[in-house]
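[1] Attaching a predicted model along with its sequence, questions to come.
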Amino acid sequence: MTYSHIERYGRRVLLFALCASAFVAVMACGAEETAPVATAAPPQLPATAMPAEPGAPAAPAATAAPAATARPAVAADTSSSDAPATSGGTLTVVRQNVGVPVGLPAQCPPGCGVEKFTMGAYEMLLQATGLDYTLSGLVAESWSVATDGSAYIWRIRPGIQFHGGWGELTAEDVAWTHNNANAATNTATAHDNAGDLRAHIGLSEAVDKYTVNMPITSADARQPTHLFTNVVPRGVGVHSKSVFDEYGETGMLTQFVGSGPFEIESWRQDDRLVLNRFAGYWGEQALLDQVLVLAVPEPAIRAAMFESGEAHIADVEPKDRPRLVEDHNGVLVNNGGTLTGIVPCCNYLERVGAATGNPLESPGYHPELPWVADIDDPACDEAQLLEVVPSGPICDSWESARLVRRALEVSINRDQINQQIYAGLAVPAYGPPGQASISPLFKEEWIDEFSIDRAQELLAEAGYPNGLDQTVSVHAQGLSVSLTELMCATWQPLGLSCEIDQRVYAVKRPSYVDRSNDAFNYAFIPRFDPEDWPIDTEDHSWKEGGTQKGGNIPFSALTFELMRSENDPQQRIELYKDWIEHYQFWAWALPIAEVFNQTLYNSSTVEFDRDVYPTFGYAYSLMNPVTKLSLK
């Protein structure tokens, strides 16, 4: 396939794409209110070797964060709530960390925004339950699309009460929350999902007390599942605007007021999270009285706490899972999976922002590095970057950089990494990032076995017969540190040395947003997203205002634009197939492993009647939904 997408596809009219696309099957374009149904094919769940169920800061993080001061208020209307369950008790969870406690949506970095709604303290507009992702309302009682396709119309459920006596949740809270977090409406936002919101919605408005008009800036077949539910980590839980009005931006950083089935008693970074059942919750009452989440950085201690019964649920390393399942009543919960890859940083090759039309500045772009393409080389034809694969010979500098990236890829010892890091429970990943081996689209020809000899041959072909003589910084945390050490050891014969940057992600994140990052970094792509969903990668400027960890790849920006506006699922798959062929040729990122995100619960003490199955392992998905957890 040597054609250009620009030649093959024209622009789509937004309304046509919106009304014909898959997600409008959920919202019936033009209808005022619709009954929720499933939106997209569910992801394929992982096969495992053990029994399993299906399925930094832009602002200072709080170090001791009590719940917001309670206000005298009218008692919550609990007439629609189920009677309190009989389980009671405190469930103890151990994780490497408890997240980053920040109350203001705009300043919620990774470790904060998604944590809030997956822990059960804040709520999304919708929920997706079951293996078919059946949609139903949470904060939104019903929803529709405007007759001209220009906006979502959300009808907010009357009577929902915020924690701590902060009154009823209304349309004003929904609109303010999304506007505060969205990079399109708040240039100061650092919310983890600011770029995702920017790519899809504009300035939200409260039309009346229970109605929100939310402009659609781009149609997308993934919606509303992708941006407004609890199964994909791309949205924002609803916050109280009254708290913001009283405390202001600085004061709200340490105030946590949601509307979920649990309310936050305290949330202290690197220490603990305490959640108490909220008696005034409008929906299904939680079965537990309390959830205690402890930050336990040392993996061996987390495993020991599960083994002793001190912890009911534990996030443990892969090597500890088999014995804890076999000998200590452990049951694995699947929380989706990721394709883990390394990005040879950074090919910032877009000149103009796709979302804004403004020139892009990329301080981290260093075309003199052997693996980076020089976009300003006059011998090169930029139009080739918009082709599936180049229709003719490519210039020497681009070909050299491509061969260097390919040399780095074939020198990754995936089998060793799988055995030593993932205890043999992952799947070595080959070919384009995002293309899982379980997919019928996967091609055996993509498998490049580990070979230092082949890597050195590629370097010689690229013009580096004596090796690269380079030192790179690699940003890694947790288990990725050990992975980096193994990978960098195999790169040493190629003349590439590594320095590991272990700063927390929230501290590093601003450089991913403003494109000043020049360190190799890990890309984590959802393994189980349906293949007709528009690509969910951080390598193009449609997510400007959010992270662009993978650089700026022009073909990715084009593919995202075409996929989001294409009404035919099969045509979206064809676009996706073109994208993976493009990535396979250029090797913009290097796949390492397909990793199942799994956590353990103790089946002798815990009942987990789960009906939510995340597509991607994230945050507190290990206990989502908390209303389905109980103690025996």
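    Ah, there it is.
[2] three-state assignment of the spatially most central residue of the chain?
    With distances taken as CA atoms, centre = their mean, the residue of the chain nearest its centroid is Pro233 (4.7 Å). Three-state call for Pro233 (DSSP: H, G, I helix; E, B strand; the rest coil): coil.
[3] residues contacting Val472?
    Counting by CB atoms under 8 Å, 6 or more residues apart in numbering, Val472 makes contact with 345, 496-499, 519-520. C-beta: built from backbone N, CA, C; applies to glycine.
[4] ok, which pair from these is furthest apart?
    The most widely separated members of the contacts of Val472, counting by CB to CB, are Cys345 and Ser497 (15.4 Å).
[5] distance between the ends of stretch 199-216?
    This stretch, stretch 199-216, spans 9 Å end to end (CA to CA, to the nearest Å).
[6] Which residues does that stretch contact?
    With CB under 8 Å, 6+ apart, stretch 199-216 has contacts from 14, 18, 141, 145-146, 149-158, 170-172, 174-175, 178-179, 182, 184-185, 217-218, 220, 223, 227, 355, 542-543, 560.
[7] Which of those residues fall in helices?
    Judged by DSSP state H, helices contain the following of the contacts of stretch 199-216: 14, 18, 171-172, 174-175, 178-179, 227, 560.
[8] Just send the residues you listed back as CSV, with pLDDT and distance to Phe585 too.
    Below are those laid out as CSV (pLDDT from 0 to 100; distance: CB to CB, whole Å):
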residue, pLDDT, distance to Phe585
Leu14, 34, 31
Leu18, 35, 33
Ala171, 98, 48
Glu172, 98, 50
Val174, 98, 44
Ala175, 98, 44
His178, 97, 39
Asn179, 97, 41
Leu227, 89, 31
Phe560, 90, 18
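[9] tell me the two of those that are most distant?
    For the ones in helices among the contacts of stretch 199-216, and using CB to CB, no pair is farther apart than Glu172 and Phe560, which are 32.0 Å apart.
[10] Neighbour count for the two, which is higher?
    Shown here are Glu172 and Phe560; by other CB atoms under 10 Å, Phe560 has more neighbours (25 against 18).
[11] contacting residues for the more buried one?
    Contacts of Phe560 (CB under 8 Å, 6+ apart): 199, 354, 534-535, 537, 540, 542.
[12] The stretch 451-600 of the chain: helices as residue ranges?
    Applying DSSP state H, counting those that start in this stretch to the stretch 451-600 of the chain gives helices spanning 452-462, 479-491, 505-513, 554-565, 569-586.
[13] Can you tell me which of those helices is nearest to Leu349?
    Of those, nearest to Leu349 by CB to CB is helix 554-565, at 5.7 Å.
[14] Now do the host helix or strand of Val94: distance to the chain's middle.
    Using DSSP states H and E, the element containing Val94 is strand 90-95. Centre-to-centre, strand 90-95 and its host chain are 23 Å apart (CA atoms, centre = their mean, to the nearest Å).
[15] Which of the residues in that strand are classified as buried?
    91-95 (16 or more other CB atoms under 10 Å).
[16] which stretches of the stretch 201-350 of the chain have low pLDDT?
    Along the stretch 201-350 of the chain, the model assigns pLDDT under 70 to no residue.
[17] Mind doing that once more with 80?
    Along the stretch 201-350 of the chain, segments meeting pLDDT under 80 span 218-222, 232-233, 334-337.
[18] Ok, the stretch 401-550 of the chain next?
    433-436, 438, 506, 524-530, 536.
[19] The stretch 51-200 of the chain too?
    51-87.
[20] those helices in it, which residues are they?
    According to DSSP H, counting those that start in this stretch, the helices that the stretch 51-200 of the chain contains are 113-118, 171-181, 194-198.
[21] can you redo these as CSV with distance to Ile592?
    Shown next, in CSV, are these (distance: least, CB to CB, whole Å):
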stretch, distance to Ile592
helix 113-118, 23
helix 171-181, 31
helix 194-198, 24
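[22] out of the ones you listed, which comes closest to Trp267?
    helix 113-118 (9.0 Å).
[23] Give the other helices and strands that the closest one contacts.
    Contact partners of helix 113-118 among helices and strands, from 3 or more CB pairs under 8 Å, 6 or more residues apart in numbering; DSSP states H and E: none.
[24] what does that helix contact?
    Contacts for helix 113-118 (CB under 8 Å, 6+ apart): 99-100, 105, 108, 122-124, 181, 191-193, 230, 233, 235-237, 256, 258, 260, 618-621, 623-624.
[25] what's the answer for stretch 180-194, then?
    Residues contacting stretch 180-194 (CB under 8 Å, 6+ apart): 57-59, 104-114, 178-179, 195, 197-198, 201-204, 217, 233-236, 239, 244, 355, 509-510, 513, 544-546.
[26] Quick one: buried ones out of these?
    Neighbour-count burial (16+ other CB under 10 Å) is assigned, among the contacts of stretch 180-194, to 57-59, 104-114, 178-179, 195, 197-198, 201-202, 204, 217, 233-236, 239, 244, 355, 509-510, 513, 544-546.
[27] Let me know whether Gln416 touches Leu486 as I believe.
    Yes - at 6.2 Å, Gln416 counts as touching Leu486 under the criterion of CB atoms under 8 Å.
[28] Name the SS class of Thr338, please.
    Applying three-state DSSP: Thr338 is strand.
[29] on that earlier part again, now render the ones in helices among the contacts of stretch 199-216 as TSV, adding distance to His312.
    Putting the ones in helices among the contacts of stretch 199-216 into TSV (distance: CB to CB, whole Å) gives the following:
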residue	distance to His312
Leu14	48
Leu18	45
Ala171	38
Glu172	39
Val174	34
Ala175	38
His178	35
Asn179	38
Leu227	32
Phe560	41
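[30] What ranges does the stretch 401-550 of the chain have for its strands?
    Assigned by DSSP state E, counting those that start in this stretch, the strands in the stretch 401-550 of the chain fall at 427-428, 470-475, 496-501, 520-526.
[31] how about the longest one as PDB, C-alpha atoms only?
    Once non-C-alpha atoms are left out, strand 520-526 reads as follows in PDB (Å, rounded to 0.1, in the frame of the first residue of the first chain):
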ATOM      1  CA  PHE A 520      13.100   7.900  26.000                       C
ATOM      2  CA  ASN A 521       9.800   7.000  27.700                       C
ATOM      3  CA  TYR A 522       7.300   4.200  27.800                       C
ATOM      4  CA  ALA A 523       4.100   4.200  25.800                       C
ATOM      5  CA  PHE A 524       1.200   2.200  27.300                       C
ATOM      6  CA  ILE A 525      -1.500   1.600  24.700                       C
ATOM      7  CA  PRO A 526      -4.800  -0.200  25.600                       C
END
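[32] what does it contact?
    43, 232, 336-345, 433-434, 472-476, 480, 498, 512, 536-539, 549-550, 589, 615-616.
[33] And the shortest one, by the same measure?
    Counting by CB under 8 Å, 6+ apart, the neighbours of strand 427-428 from elsewhere in the structure are 414-415, 417-418, 437, 592-594.
[34] and these, which two are the farthest apart?
    Farthest-apart pair in these is Ile417 and Ser437; separation 15.3 Å (CB to CB).
[35] quick one: which of those two has more around it?
    Legend: neighbour count by other CB under 10 Å for Ile417 and Ser437, higher for Ile417 (22 against 17).
[36] Quick check: that one touching Val595?
    No - the pair Ile417 / Val595 is not scored as a contact, 10.4 Å apart, by CB under 8 Å.
[37] what residues are shared contacts of the two?
    Joint contacts of Ile417 and Val595 (CB under 8 Å, 6+ apart) are Ala426.
[38] What are the structural domain limits within this structure?
    When the chain is parsed with automatic domain parsing, its domains come out as 15-71+84-295+603-631, 339-595.
[39] List the contacts of Leu403.
    458-459, 461-462.
[40] do that again at 10 Å, thanks
    Residues near Leu403 by CB atoms under 10 Å, 6 or more residues apart in numbering: 370-371, 457-464, 587.
[41] Count the residues that sit near Glu449.
    11.
[42] Setting aside sequence neighbours, what's the nearest residue to it?
    Using CB to CB, 6 or more residues apart in numbering and skipping the chain neighbours, the partner closest in space to Glu449 is Val410 (7.5 Å).
[43] how near is the one you found to Ala373?
    If you measure Val410 against Ala373 using CB to CB, to the nearest Å, the figure is 19 Å.
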